[in-house]
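**Q** can you look at this prediction? I've put the sequence above it.
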Amino acid sequence: MAERRNSEHGGSAFRKRDYYRNIITNICLYDILIKTNRVSKKWYILMNLYEDNSGLVKKVFLKNAVYSVSALSVAHVAPIVCGAVAGLVLGEVGLAVVGIFAPFFFLTGFFGTVIASGAASTAAKYIAADDDNRVYELYTLSIILTTLCATTLFILSMIFRETILSVIAGSGELYRYASLLFLPIILANCIIITIYVPMYWARLIGRTPVVLIFNTIQSIMSVVLVLLFIYVLNMGIIALAISQLISAVVSTILGFIMIHTTKNRMKLRIPRNFGKDLLPVLSIGSPPAFVRLFRFAAMFVINIILLNFVGVAAIAIFSILNMLQRFVIALANGISGVQIPISSILHEERDIISLRQLSREMFRFCSIFMIIATILLLVFNRFVAGIFGVTDSILFALVCFCIYSFIYVISSLFISWYTAFRFIKLANILVLCQDLILPLISVTIFAILFVDVFWLYMPIGMALILIILPLILMFVRKKNKNLSFPLLLDTTETKDAVLSFSVARDSNEAGKASAAVETFCNQQKMDKKKTLLLALAIEEMIILITKNNEQGGDVSVRLALFEENIVLRLRNSGKRFNPIEYYKQRLETAENIDESVEVLGIKYITESAKKVYYKETFGINSLVVALKT
């Protein structure tokens, strides 16, 4: 039997396990092992080498970030195509019509985000606690609230229709076109409020590709319909709104169907704590939502300023820049949509090392994306202008826009980061400055005093956030000097109480992981027998993961001692696999006791654990075991 196990799993790991079993029968041999210093010095070095989860963090982040950003970017293709068609068919007036309705996209986005993002972010801590019922209740709450908001907004828009049209379009030809498009555009935007629910919740349950699928379908449908309605059926500018309305209805229905029928599907539960949950949901969702609300207000006012001080041509260029900024916002929102739930879970687990690694990946990804996008925009600036039917050069405006956008993305990443750690006031102050106060002050000054270089208002106004942010952080850190700069991570957790590392899926690496855990527990002066069994359990689980999950990458191990508790967490990518469940099934089918001895360590932690739970989140297997020291 021993030979069979050696050939199946790797001889060295199982010979070491047999050696450990002998020690368990005579615990005094363990004292000899420690006193003769056979493991300690060697594994101090190993702990330093393996205290790194960057491979797993990078894989999880990049996988979800690419899908999330792609999904949101694809969703913005249709509005840009519609804008281009409007410019080609109707010229500057057509672009201006698209531009004056653009703020409503951010208004509806405010309601959808504050509810869906807030509920999903709140649910992240219940996922970490393995409380599915609370997760489903928050999901149902988000559906109820978005539906109520969409209905209320549509009714109010219809009541104040003439007032809204007179403010945004003035009179004449622009008003005539705007009046024609008002009903279908407002209805489409109200329906889009509800689409934020499947968008945010699909990311939370690790089904980000679902968002990409229904956004792609929405964009393709919208583009095909607008081209069909205008160039085949000759429906005129009304085709822009009708195509948007139809695609919004179809994609919203499809989004809900997909997250209710895929793996880890969502379920409806009647919210038991409606009033109690409402405030936390709105509070946590407020920073990303206020981005849209303040952007709506800023665009609304800027359009009025341009109409009165600069002219329709400037509104047309501003409309182009706003369409391009949809991709910038897609990048910022896509990253925050992935980062907030991941970092919220890591924060609940007090995993500072992984949080730092996540922040590095986040800023690196966005910087590379923005550099490539800037080069392409500036090189093909004439082509971009031609797409929208503009003959004048927009190079200067694009240069200003690119500088502005780079700073905007970095600032937005900090805002989403602070949101995840519940620095809500700080995040909202930054959003207020970034998306409302600084743009309005800057645009007013340049529209009145510096019209010739008007577009400089964008980078100059946004650059001020780089001065404001450090000043605010200095004030925040005065209250708690243990917060790091600029991430505001709580550094009070001592490093000698937490062990965090990754190892390859390999039997030899499993042995190294076991020894590293053993040394760490010895440093913390844990009970010797518990230390031995815990180290053995980790080795066994890594070997089981290696054997049963061929598609997975590295295995992330985290062992933390908090007060009188030991918390062990194992993570790996690949197919769904729970080593504890495997152990229980093995016990039921084992023909003799010798087979079940292969999982002796797992047997110990299963029987001794205060809590054991497994969850697949973001496409990652997570197993958490809580024990008493």
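**A** Yep, that arrived.

**Q** what's the weakest-modelled helix or strand in the chain?
**A** helix 28-35 (a mean of 30; mean pLDDT, DSSP states H and E).

**Q** so which residues of the chain form strands?
**A** 498-503, 555-562, 565-573, 611-617, 620-628 (DSSP state E).

**Q** just say which of those strands is most tucked in.
**A** strand 498-503 (a mean of 23; mean count of other Cβ atoms under 10 Å). (Each C-beta comes from the backbone N, C-alpha and C, glycine too.)

**Q** just the helices in the stretch 151-300 of the chain please.
**A** Using DSSP state H, counting those that start in this stretch, the helices of the stretch 151-300 of the chain run over 161-169, 173-204, 208-227, 238-261, 274-305.

**Q** pick the most deeply packed of those.
**A** Highest mean neighbour count among the helices of the stretch 151-300 of the chain (mean count of other Cβ under 10 Å): helix 173-204, a mean of 23.

**Q** and that helix, what other elements does it pack with?
**A** With contacts defined as 3 or more Cβ pairs under 8 Å, 6 or more residues apart in numbering; DSSP states H and E, helix 173-204 has these neighbours: helix 54-90, helix 92-128, helix 132-159, helix 161-169, helix 208-227, helix 238-261, helix 312-348.

**Q** same thing but at 10 Å, please
**A** Other helices and strands packing on helix 173-204, by 3 or more Cβ pairs under 10 Å, 6 or more residues apart in numbering; DSSP states H and E, are helix 54-90, helix 92-128, helix 132-159, helix 161-169, helix 208-227, helix 238-261, helix 274-305, helix 312-348.

**Q** now the helices of the stretch 151-300 of the chain as TSV including mean pLDDT and distance to residue 99?
**A** Compiled in TSV, those are given as follows (pLDDT from 0 to 100; distance: least, Cβ to Cβ, whole Å):
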stretch	mean pLDDT	distance to residue 99
helix 161-169	83	10
helix 173-204	84	10
helix 208-227	79	17
helix 238-261	84	12
helix 274-305	79	7
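
**Q** now tabulate these in CSV and tack on distance to residue 335.
**A** Shown next, in CSV, are the helices of the stretch 151-300 of the chain (distance: least, Cβ to Cβ, whole Å):
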stretch, distance to residue 335
helix 161-169, 31
helix 173-204, 11
helix 208-227, 12
helix 238-261, 20
helix 274-305, 11
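
**Q** closest one to residue 583 among those helices?
**A** helix 173-204 (28.8 Å; Cβ to Cβ).

**Q** mind listing what residue 567 touches?
**A** 349-350, 498, 558-561, 610-611, 624-627 (Cβ atoms under 10 Å, 6 or more residues apart in numbering).

**Q** partners of it in the sheet?
**A** residue 560, residue 626 (DSSP bridges).

**Q** what do you get for the one 5 residues further on?
**A** The bridge-partner assignment for residue 572, based on DSSP bridges, gives residue 555, residue 621.

**Q** please tell me how far it sits from residue 602.
**A** 16 Å (Cβ to Cβ, to the nearest Å).

**Q** repeat that for residue 346.
**A** Residue 346 is 25 Å from residue 602, by Cβ to Cβ.

**Q** the two - which one has more neighbours?
**A** Set residue 346 next to residue 602 and count neighbours by other Cβ atoms under 10 Å: residue 602 wins out with 25 against 22.

**Q** what's the pLDDT at residue 469?
**A** Residue 469 is assigned a predicted lDDT (pLDDT) of 92.

**Q** was I right about it contacting residue 434?
**A** Yes. Using Cβ atoms under 10 Å, residue 469 makes contact with residue 434 at a distance of 9.4 Å.

**Q** excluding its backbone neighbours, what's nearest the residue nearest the centre of the chain?
**A** With distances taken as Cα atoms, centre = their mean, the chain has residue 338 as the residue nearest its mean C-alpha position (1.3 Å). For residue 338, ignoring the flanking residues on the chain, the nearest one in space by Cβ to Cβ, 6 or more residues apart in numbering is residue 64 at 4.4 Å.

**Q** ditto for residue 201
**A** residue 120 (5.5 Å).

**Q** of the strands of the chain, which is nearest residue 76?
**A** Nearest of the strands of the chain (Cβ to Cβ): strand 611-617, 27.5 Å.

**Q** identify the residues contacting that closest one?
**A** By Cβ under 10 Å, 6+ apart, strand 611-617 touches 60, 124, 127-132, 204-206, 263-264, 341-342, 345, 565, 567-568, 570-571, 575-581, 605-606, 621-627.

**Q** if I look at the residue lying closest to residue 304 once chain neighbours are set aside, how far off is residue 624?
**A** Residue nearest to residue 304 in three dimensions, not counting chain neighbours: residue 167, with 7.4 Å by Cβ to Cβ, 6+ apart. For residue 167, the distance to residue 624 equals 54 Å [Cβ to Cβ].

**Q** ok, now residue 328?
**A** Counting by Cβ to Cβ, the gap from residue 328 to residue 624 is 37 Å.

**Q** could you report the pLDDT at residue 128?
**A** The predicted local confidence for residue 128 is 64.

**Q** excluding chain neighbours, what is closest to residue 114?
**A** Using Cβ to Cβ, 6+ apart, the closest residue to residue 114 is residue 289 (3.2 Å).

**Q** low-confidence ranges, the stretch 351-500 of the chain, go.
**A** Within the stretch 351-500 of the chain, the segments meeting pLDDT under 70 span 391, 492-496.
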